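A.B. asks: Sequence plus predicted model, see below.
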Amino acid sequence: MNAPAIELTGVTKRFGEVEAVRGVSLAVAPGRTFGLIGHNGAGKSTLFRMMLGLIVPDAGTLRLLGEPSDGARFREVRQQIGYLPEHVALYDNLSGLETLRFYAKLRGAARAECDAALERVGLAHAATRKVRGYSKGMRQRLGFAQALLGKPKLLFLDEPTNGLDPQAIHDFYRVIAELKAEGATVVLTSHILAEIEQRVDEVAILREGRIVAQGSVAELRERAELPVRLIVRVTAEARERLIATLGASAEDAAHVALSVNRGDKLARIAQLAAEPGVSDLRLVEPSLEAVFLEHSQEAA
Ligand SMILES: Nc1ncnc2c1ncn2[C@@H]1O[C@H](COP(=O)(O)OP(=O)(O)OP(=O)(O)O)[C@@H](O)[C@H]1O
């Protein structure tokens, strides 16, 4: 297997009284799209800032693209990392294109990349307009374009879809899929779990500075042992019967729902299929949000 794009071992960071990150160990394989999720203040941005070399851990080691974050060659590695901070700093007096040219110069990226980056995030039409007149979503797109400069192998995106409309969110994840196809490793955070659920290869749940779960969404679902829901289409007679005999709950006039343990799933499906008046069945897996809440409740 290729060396991990990101490898953290026992990383800890304290701000005065606050232990923001506590002994985090994490490995992300190259080319993966990785979601870091956690409540406000869980330590996501602090982890990002340590991985970017912006702040130094109190304990533990970080290796990015094979190089230790405190090593002599980290400056070169840093050139291959794109970053979209939670609050992107933009100058109102510059146009979108001028903004990117400014960042390209800082990053040592080719000036010629700027037009392509604006095109990629759907801002080509506003390239010469001053940022002052940009909407919130346009600013966010410009921040994303800035992170793409220099064709980074590794991208850190802190709440990248914050303020984007549904079409823009769709466009954003299309670009993420393109970057993945080009071999980039992408780490992103989001509070909209339904949004990232289908779009990341792996997630880590951070709670109070610690990783409490990590794996694919399917793996986390299985480990959480939350019930699955079977939603069946029924006749009026079957509806009443299933509610009375199986403890199903009414979903709407034509459907009832049954919550079943994962291990009993097949037996319950067979049982429902044998019931008269049942004509269709849909299985609903617990959402990433339900898994996340389960882990949050463990803390309480
Ligand atoms: N520079 C700092 N000085 C003091 N405390 C800090 C600093 N940066 C972060 N913290 C604290 O560390 C903890 C983790 O903060 P962090 O910003 O990493 O969380 P987060 O998961 O990114 O939160 P959010 O989802 O709200 O962005 C919080 O308690 C925060 O107040």
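C.D. replies: Done, it's in. Numbering: from 1, shown residues only.
A.B. asks: Quick check: residues of the stretch 1-150 of the chain near the ligand?
C.D. replies: By C-beta under 6 Å from any ligand atom, the part of the stretch 1-150 of the chain that sits against the ligand consists of 15, 18, 20, 38, 40-46, 86. (Glycine included, C-beta is placed from N, CA and C.)
A.B. asks: Return the distance of Q297 relative to the ligand.
C.D. replies: 18 Å (C-beta to the nearest ligand atom, to the nearest Å).
A.B. asks: looking at this structure, which residue lies furthest from center?
C.D. replies: E237 (44.3 Å; C-alpha atoms, centre = their mean).
A.B. asks: For that residue, give me phi and psi.
C.D. replies: When quoted as degrees, to the nearest 10, the phi and psi of E237 stand at phi -70, psi -50.
A.B. asks: cool, and the one 10 residues further on?
C.D. replies: G247 has phi and psi values of phi 70, psi 20 when expressed as degrees, to the nearest 10.
A.B. asks: Pull the number of nearby residues for it.
C.D. replies: G247 has 10 neighbours, counted by other C-beta atoms under 10 Å.
A.B. asks: Over to the one 3 residues further on?
C.D. replies: Taking other C-beta under 10 Å as the criterion, the count of residues near A250 is 13.
A.B. asks: coming back round to it: mind checking how far the residue farthest from the centre of the chain is from the ligand?
C.D. replies: From E237 over to the ligand (counting by C-beta to the nearest ligand atom), the distance is 50 Å.
A.B. asks: Any regions of this protein where pLDDT drops low?
C.D. replies: 1, 298-300 (pLDDT under 70).
A.B. asks: For it, just list every one of the helices.
C.D. replies: Assigned by DSSP state H, the chain shows helices spanning 44-51, 74-78, 96-107, 113-120, 136-148, 166-181, 193-196, 217-224, 236-246, 265-273, 288-299.
A.B. asks: Tell me which residues touch the closest residue to A213 other than its chain neighbours, please.
C.D. replies: Spatial nearest neighbour of A213, excluding adjacent residues (C-beta to C-beta, 6 or more residues apart in numbering): I205 at 4.4 Å. Neighbouring residues of I205 by C-beta atoms under 8 Å, 6 or more residues apart in numbering: 37-38, 211-214, 220, 291-292, 295.
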